[in-house]
Structures are given as C-alpha cells and as structure tokens.
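**Student:** Mind folding the following:
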Amino acid sequence: MFYFDVRDISHRKPMSLEDLLFNMYSEPKKNKEEVLQDIKENSENVVIIFDGITDLSSLSVVKELMENLLPDAKIVTTCRPDQSEDFLTDWPADWFRVEVKGFSDASIRAYLTEMLSADPDSLSSVLNNLELFSLCHVPMYALMVVTCIYFPTSKASKQTCTITEMYSNVLRQCIQQHSSIRHKDIDNYLKENREKILSLAEIAFDATNTKNMNLTTLSCEESSVHFAFLGALMVKVAPTASDTYCAFLHYTMQEFFGALWLLQNPDQIREVLEKCQTEEWKHTKHMIPFLCGLLNERNIRLVNGLVPDQQIKKTSDWFFKEVVNTFLPSQTNQDHAEGCLLLLDKLDYHLDLSGEHLDPHQCCAVSYVTSQSAERKVGLDLKDCIVSDQGVRLILGSLKNVRHLGPSSGDSSDPSVLCQLWTTLLSSVAEMDFTSLLGLCGNELHLPVQGERQVFERAEEVMKQSLERVTPLEHQRGIPERLETEEKASPTRFVFSSTTGSEKIPEERTKREKIFLLNLFSSTTGSEKIP
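**Tutor:** Below is the predicted model of the structure:
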C-alpha cells in the first residue's frame, strides 16, 4: 500500500513508476529492481491512495497508473465534493464513488459510546450537551473531543477539559494538519500567520452579526491558511456556471472565531454585551461563553500566539465583573439571601461536600451561599473533594465566613484541603488575602514539600507580612509535619518535628528536609529551585 498527499507531489510530476514509488515514497534498501518488477507482476495486490486531488494535472498521474503502469492495481482518490465535477465527468463508469457526509446522530452516539465507555460521566456530558454533540458531526472534531477528554493533565481527573479548551485544540490541530508541521512548531506558525487567522476571525464576527454562514468575502483557495477551518459549497446559478462559497465546517466554530476577534479587540466587548440582550441581536450571545473560556488562564497558553497573554490578562481583570453587572440585576435580591440563610439553617450551618466532584459553577454557588452567612460562620467539609484550581479560588473568597474545613463532629480542618487552598492561593497571580486563611488554619502555613517557585516566594511574603507568628507545615504523602522556626520568617532555620508521631526512614526524611529547605531558601535568594 502506498499513500500520497497530492499537495506534496503536485509541485513535481513523477517521471516514471520507479520515481513515484521509490523517490517520492520510500526506496527499498536493496534489490530495488526486483521489488519494482514484483510490484508490476502482482499489481492486483497493490493499493495506491492519492489524497486531496484538486486539478486535472494531478489527475494525469492517476490515469497513467490506471492505463499503462499498474492496470490491475486498486486506486483510491479523494477530493472535496465541490471539486469532483470538474475532473470526474469522464471517470470510468465501473469505478465506485463514495461521498462522505460526516457523522449522523446515530453514528456519533455509537462512536462516543465506544470511545468513552471507560468514562461514563464524560460520555453523558457530551451526549447531553447540544452544541458539543453537534460539533461531533465533523469526524475530526469528534476525534479531538475524545482526545481532549482523555488527555492526562498534571492533576489527572481533578481538572476537566472545558469546551473552549476543546475548540482551542481543534484550532491548533486544524493548523497542524493543514500545514503539515510538527506539534512543537504550532505556536510559531500561529505567530507567523497571526494576521491571516485574525482576519478570518473578523470575517466570522461580522458574519455572526449578520446571521450569515456563507463567507462571501473569502476566496476558496486551498493553499490559504483559512482553508484549514473552512469547507466549500458550490451553488449552480446556471447550467454552465456556479458560485463557490466558503463556510466553517460547523456553525459553533464560527462563533468561536468571532469570540477570538473580540479577544483581540476588547474595546468592542461592552457593545456586544449590551446588544446581545436585545431581540434583534440575541443571536450574538453565543460568542460570550467562548470569550469567557478564552479569558480563562488555562486557555491562554493555547491562543497566546494570536493574542498576547498580557492583553488577555488585562481584559480578564474587568471583563467578568462587566458580565455580572450586565446580566444580573444591580440591586441585591433580598429573597436570595434569605433563601441561603434558610438552607444553612436546615443544614445546621454545615455544608458536607466530602467526596464530591465540584465544577467551578458549583464552587461559585458554595461561595455565594457561604458569603450570605455574615452573623454565623459556616462549617465546610471538603475532605476527599475534587476541585479545580479555578473552583478553589472561588471558595477562597468566602473563607472569612467559614469556621472550619472538616467534619461537623469536630472543629479541626482537613490538612489536605488546607494544603490545596494554600498552594492555589500562593500560585495565583492575583493579590493575596491570606488573613482569612491564616485565621482558619490557626496561623499555620501548609505547603507541599515540592512545588512551583512562586509558591515558596509568596509563602515568605505571608510570613513577613503576618502580624503574628506563622507556623509552616510541609505535606508529604498527605501527612503534615511542623516546621518550627527559631526566628519569625527565617526560612533557613527550621527544625522539623512530626505532628503525627509516625516514624520515618532517616535517609529519606533527611533528603526531603533538605529539598524543602533549599526550595524555600532559594525563594529568598533568587536561586534555581531544586527538582
């Protein structure tokens, strides 16, 4: 079997069968003449695939193979539907023609069920999400949805893939496939073709505003980077004339590109937020969720080749507040506060969420309910709870109303939860409000034995700024150990003493202690962190 991407061979016509198979595909290490003769004599066992025929010149190679070189070989050609009538009118009548029209609803369900059978929750979420399910009508997009769901993150199942993250990866995959580049070169390619891609984003934004899916202002040149995301639709306007229009392969991809243009042009965002609430412009509201996702710090890495990360962060500083002010009533709804207090009273002011998997929306609800209890503090049990960093940041905002993090039977907080809260707070780029968390922890600073450099640098800031003595604890395998200091905020003079009474192997413990101390010390000196 031989596979040829016609784009790779269109610039140089093969001079012979040997040139095509050996020079343009793969040359045998030895006995080249014998291999070629065997192919000719047994051509009925040969399969040759030409992928992406676009014109008559590339078709001539196929005809030469069929008629003279390998008449008994099986030849498979692919082309876009709008191009088929240009050069397949005189195709042999006994050849089979198959048109691929994408997945049907039934085939999408069958594919997703087969691929996501090991993850029932993700399968259910895709099947029940209308936009995401509809996106899967494009087979390559369906593959990317499954790939994003199963991709192992640094925090494994604790961090789910958002829909905007999937679309961002679809964009990058389309770029890679169209340009035939390596994964590591995608970011550079995005930067080099930034203006072209953003011009497509502007066209998508304008087309969304006018409720138009046919991009009439674009030429359908397959070599253009635009064609990585578009399909062509040919409409006959006369027996011998036709017009060709470009369109995104899926309407939600057009909305995603529209949001990408808003990301690059933040001065237009407020106008869209206002207009999308009217009957005339309500169709533009579908760009807003994508814009929210693009402003999520997790997705900045995927699109900063198109929009600078500093610009994204600057927009994020005011955007979400603007969204809340736009879509929620400006006056406080007293009924909501009373409802929260009634719920807390029914639960004896203790929210038991142990063992739950909380998405950011649920964390936002937890934070809101907790923040309504100003007169009586709330117990919050997050033991063995799976929460993303984004969700943790939402919960951090309401800690001043929390009396402890743990079971209702005791007032002690769960150390593993405290470590996650501290790590998230210290690794955030935003300003810290560590006072509430210190009070909740009894002035204990819970740190991982290994972590990002910023965590240790900001831990030192907390120890210096606190008016009371702070006791740092390091977590190894979920077990906290107290680090007693001889002087306040002196990270080079810690004395380890276990709070659990468990015995440790001296050599292992000594190594861990050194790593921890050196990492904390390096944060004060600007040295490299020890891995």
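**Student:** Now do the helices in the stretch 51-200 of the chain.
**Tutor:** Secondary structure of the stretch 51-200 of the chain, counting by DSSP state H, counting those that start in this stretch: helices at 56-64, 81-87, 105-115, 120-127, 130-135, 139-150, 163-179, 186-192, 194-209.
**Student:** quick one: least confident helix or strand in the chain?
**Tutor:** Least confident helix or strand of the chain, by mean pLDDT, DSSP states H and E, is strand 494-498 with a mean of 35.
**Student:** what about stretch 256-275, start to end distance?
**Tutor:** 18 Å (CA to CA, to the nearest Å).
**Student:** List the contacts of it.
**Tutor:** Defining contact as CB atoms under 8 Å, 6 or more residues apart in numbering, one finds that stretch 256-275 is touched by 164, 167, 171, 198, 200-202, 204-205, 207-208, 229, 248, 281, 284, 287-288, 290-291, 294-295, 303, 306-307, 311-312, 314-315, 319, 322-323, 326. Where C-beta positions appear, they are placed from N, C-alpha and C, glycine not excepted.
**Student:** now swap in stretch 289-307 and tell me
**Tutor:** 159, 162-165, 167-169, 171-172, 186-191, 194, 197-198, 255-256, 258-260, 262-264, 269, 309, 312-313, 315-316, 319-320, 323, 390, 429.
**Student:** Let's see that with 7 Å instead.
**Tutor:** 162-165, 167-169, 172, 187, 190-191, 194, 197-198, 255-256, 259-260, 262-264, 309, 312, 315-316, 319 (CB atoms under 7 Å, 6 or more residues apart in numbering).
**Student:** Mind listing what's buried along it?
**Tutor:** In terms of neighbour count (16 or more other CB atoms under 10 Å), stretch 289-307 has its buried residues at 289-295, 298-300, 302-307.
**Student:** care to break this protein down by domain?
**Tutor:** What automatic domain parsing lists as the domains of the chain is 2-87, 162-327, 329-412, 425-531.
**Student:** Show me what the mean pLDDT comes to for the first one.
**Tutor:** What that stands for is domain 2-87. Averaged across domain 2-87, the pLDDT comes to 78.
**Student:** now do the second one
**Tutor:** When pLDDT is averaged over domain 162-327, the result is 88.
**Student:** ok, Leu396 to Ser436 distance?
**Tutor:** As judged by CB to CB, to the nearest Å, Leu396 and Ser436 stand 8 Å apart.
**Student:** If you could redo that for Asp185, that was the one I meant.
**Tutor:** According to CB to CB, Asp185 stands 46 Å off from Ser436.
**Student:** With Lys346 instead?
**Tutor:** Distance, Lys346 to Ser436, by CB to CB: 25 Å.
**Student:** Which residue of the two possesses the greater neighbour count?
**Tutor:** The residue with more neighbours, out of Lys346 and Ser436, is Ser436; 15 against 8, by other CB atoms under 10 Å.
**Student:** Let me see the ranges of the strands in this protein.
**Tutor:** With DSSP state E, the ranges of strands along the chain come out as 2-5, 47-51, 74-78, 230-238, 241-248, 350-352, 357-358, 378-381, 386-387, 402-404, 444-448, 471-476, 479-485, 494-498.
**Student:** Mean neighbour count and distance to Asp19 for those - can I get that in TSV?
**Tutor:** TSV is the format used below for the strands of the chain (neighbours: other CB atoms under 10 Å; distance: least, CB to CB, whole Å):
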stretch	mean neighbour count	distance to Asp19
strand 2-5	15	12
strand 47-51	17	14
strand 74-78	15	17
strand 230-238	13	32
strand 241-248	16	34
strand 350-352	16	73
strand 357-358	18	59
strand 378-381	23	72
strand 386-387	22	58
strand 402-404	19	74
strand 444-448	21	60
strand 471-476	20	64
strand 479-485	18	68
strand 494-498	13	72
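**Student:** Could you export those as CSV, including distance to Ser367?
**Tutor:** Output for the strands of the chain, formatted as CSV (distance: least, CB to CB, whole Å):
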stretch, distance to Ser367
strand 2-5, 52
strand 47-51, 52
strand 74-78, 52
strand 230-238, 42
strand 241-248, 37
strand 350-352, 11
strand 357-358, 11
strand 378-381, 10
strand 386-387, 11
strand 402-404, 10
strand 444-448, 20
strand 471-476, 24
strand 479-485, 25
strand 494-498, 34
